[in-house]
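Trainee: here is my input, please return the structure:
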Amino acid sequence: MDGDAAKEKETKKSSSVESHLFKSRTVLITGTISQELAEDVCSRMLAMAQVSDDPINVIVSSPGGHVESGDMIHDMIQFIRPKVNIIGTGWVASAGALIYVSVPRERRYCTKNTRFLLHQPSGGAGGMATDIEIQANEILKMRDRLNKIFAEATGQSLERIEKDTDRDYWMTPQEGIDYGLVGKVVNRVDEVG
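Mentor: Sure, this is the predicted structure:
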């Protein structure tokens, strides 16, 4: 098979997968959270919301990434009319955890081997001293905002969230349930919803 034929076959396969995901009202959020990923995820959810008010399943496996891109997805999940179920798998970390808590706890699911990570945001401040100071202040504001979101989503006190997110705070699914992060561990898709 030559290069063009292989590309065409791969494109057809990808198109078929996309079509099936759309019909099943499933959105995948995998890998690093970026502006491009946020645009793609939000576009898919808006398109699905236009077609039907049936629930949408969002599957998250992410090490985190760009917080504002995570904000975009988090807010869009709350913005659209259809209910959204979130299923964590692999790892749900940092900005991935921000997306994960965008729905009420009873619609937060995970598979049995998922790992969760909460921590404070980090930044790569550089430039002139005044710019570094501005960037540091913005990171502190972001940290406070995220801590409030996680406190509200888990039922933990703000003080507990601040303490736990001061460093990397890892959780298993059962620890996530006990913490108020996870609603239910599932083994099969028919356990969701």
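Trainee: report the buried residues of stretch 149-156.
Mentor: I149, F150, A151, A153, T154, Q156 (16 or more other Cβ atoms under 10 Å). For the C-beta atoms, the positions are set from N, CA and C on the backbone; glycine is no exception.
Trainee: mind listing the helices for this structure?
Mentor: With DSSP state H as the definition, the chain shows helices at residue ranges 3-23, 35-51, 67-79, 95-100, 129-154, 158-164, 173-179.
Trainee: ok, residues contacting the shortest one?
Mentor: Going back to what we said before, that points to helix 95-100. 29, 33, 58, 60-67, 69-71, 73-74, 77, 86, 88, 92, 108, 116-118, 146, 149-150, 181 (Cβ atoms under 8 Å, 6 or more residues apart in numbering).
Trainee: hmm, back to that, pLDDT and distance to Y169 added to the buried residues of stretch 149-156, as CSV?
Mentor: Below are the buried residues of stretch 149-156 laid out as CSV (pLDDT from 0 to 100; distance: Cβ to Cβ, whole Å):
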residue, pLDDT, distance to Y169
I149, 97, 15
F150, 97, 10
A151, 98, 13
A153, 98, 14
T154, 98, 11
Q156, 98, 11
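Trainee: so which of the helices of the chain is the most surrounded?
Mentor: Highest mean neighbour count among the helices of the chain (mean count of other Cβ atoms under 10 Å): helix 95-100, with a mean of 27.
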